[in-house]
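Q: 3D, please:
(chains A and B, ligands or ions: 1)
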Amino acid sequence: MSLLERLKRLLGRVRRWKEAGGGSEMISCEQALSAVYEYLDGELEAGPREQVKAHFDVCARCYPHLRLEESFRTALRGASGSVQSPPGLRERVMDLIARSEDG
Amino acid sequence: MIAASRSNAPSSFEEEALPHLEAVYRFALRLSGTPDQAEDLVQDTFLRAYRSWGQYTPGTRAKSWLFTICRNVFLRQRERGRRHDEIVQRHAAARGGVVDLVNPLWRSLDGVDPEGAFFRSILDDEVLRAIDRLPEDYRTAVVLSDVEGLTYIEIAEMTGVPVGTVKSRLFRGRRQLQRVLYDYAVEAGVLPVASGTRDEEGHVAP
Ligand SMILES: [Zn+2]
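A: Below is the predicted model:
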């Protein structure tokens, strides 16, 4: 077998291995960071979601970024959820609807 | 003769719409800014929803349908009394320019907050005040996504814009909000001033 043929076969194996998601195949920091909101918002398909998750799981640079965005969301949810409707609002709404029925 | 029957019985209104009263109130409060206006908005919303209950498709998300009505009522009211400062704010937001992929805030917090827990240390009232200062379209997107958990498609349908616009409003709205909260934390002494310099707009540069 010529050297060229052996090289071609080797390259073919590397390509197939990569396509099969082999080894350290990982998306870049930029790709992970640019998808952080879609990831947190549950807007990614299963495949990309796993890739993004895999990156954040192991990347020391990006992980705090994810945590920061999570804490941001927790803060928004907590703050908005701390608000309660005024007492009797439900009754007043029901009453309004009932009165509108009477014409 | 039998009266034309509505596709949805009024009783289903109580079962499907009224359970969302709290969520609609939360949304109305963030839209209008004061409890009195929020209550008026909620009453208007539910009255309208009741009258057009026949148009609601059973099985779809009643919550998202109610939010749509709520926002429409709010926008119509605001048209009448549009305040100058909102227009100014709007332009300021549109000027946003290029946005960093890496959150500039995260750079400022690097080393100060290794756990990424920064935002949890801010008082609820401050967070709410910051939300209320966002331009309406950013505020709506952020509240519906972050607080109420609506999907991009639901928000796009509600606000009548493409999904791409929803994404960019969320991105810009979140970043703007984060910067306001960061500045507040520095002013309040919760965080030390970042070692970076400040540019002419007052944003901390890494
Ligand atoms: Zn990374």
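
Q: Run through the strands of chain B in chain order.
A: In chain B, no strands are defined using DSSP state E.

Q: Next, the contact list for the closest residue to the ion within it, please.
A: Going by Cβ to the ion, the ion is nearest to B:V102 of chain B, at 10.1 Å. To be clear about C-beta, it is placed using only N, CA and C from the backbone, and glycine gets the same treatment. Contacts for B:V102 (Cβ atoms under 8 Å, 6 or more residues apart in numbering or on different chains) come out as A:33, A:65.

Q: what is the mean pLDDT for stretch B:61-80?
A: Here stretch B:61-80 scores 90 as its mean pLDDT.

Q: Kindly report the same for stretch A:88-102.
A: What stretch A:88-102 shows for mean pLDDT is 91.

Q: and if you look at stretch B:37-45?
A: Stretch B:37-45 comes out at a mean pLDDT of 96.

Q: rewinding a little: A:D57 versus the residue of chain B closest to the ion, what's the distance?
A: Taking Cβ to Cβ, to the nearest Å as the measure, B:V102 falls 19 Å from A:D57.

Q: what do you get for A:R73?
A: With Cβ to Cβ as the criterion, A:R73 and A:D57 are 19 Å apart.

Q: More neighbours: which of those two?
A: Taking other Cβ atoms under 10 Å in any protein chain shown, A:R73 and A:D57 do not tie; A:R73 has more neighbours (19 against 10).

Q: which residues touch the more buried one?
A: A:40, B:146.

Q: residue ranges for the helices of chain A, please.
A: Secondary structure of chain A (DSSP state H): helices at A:3-19, A:29-34, A:36-40, A:46-58, A:63-81, A:89-101.

Q: which stretch among these comes nearest B:M158?
A: helix A:63-81 (17.4 Å; Cβ to Cβ).

Q: Sort out which residues of the closest one are buried, please.
A: Residues of helix A:63-81 classed as buried by neighbour count (16 or more other Cβ atoms under 10 Å in any protein chain shown): A:63-73, A:75-76, A:79-80.

Q: And that helix, how far out from the chain middle?
A: When distances are taken as Cα atoms, centre = their mean, to the nearest Å, helix A:63-81 is centred 14 Å away from the chain's centroid.

Q: ok, and does that helix reach over to the ion?
A: No: Helix A:63-81 does not reach the ion (Cβ under 5 Å from the ion); its nearest approach is 7.8 Å.

Q: average pLDDT for that helix?
A: Taken as a whole, helix A:63-81 has a mean pLDDT of 91.

Q: A:E5 - how many residues pack around it?
A: Neighbours of A:E5 under the rule other Cβ under 10 Å: 9.

Q: same check, this time on A:E50
A: Residues lying near A:E50 (other Cβ under 10 Å) number 12.

Q: Distance of it relative to B:P135?
A: 35 Å.

Q: With B:V142 instead?
A: Computed as Cβ to Cβ, the B:V142 to B:P135 distance reads 11 Å.

Q: Between the two, which has more neighbouring residues?
A: Taking neighbours as other Cβ under 10 Å, B:V142 and B:P135 compare with B:V142 leading, 23 against 19.

Q: Stretch B:17-27 near chain A at all?
A: Yes: using Cβ under 8 Å from any Cβ of the partner chain, we find that stretch B:17-27 touches chain A at B:18, B:21-22, B:25-26.
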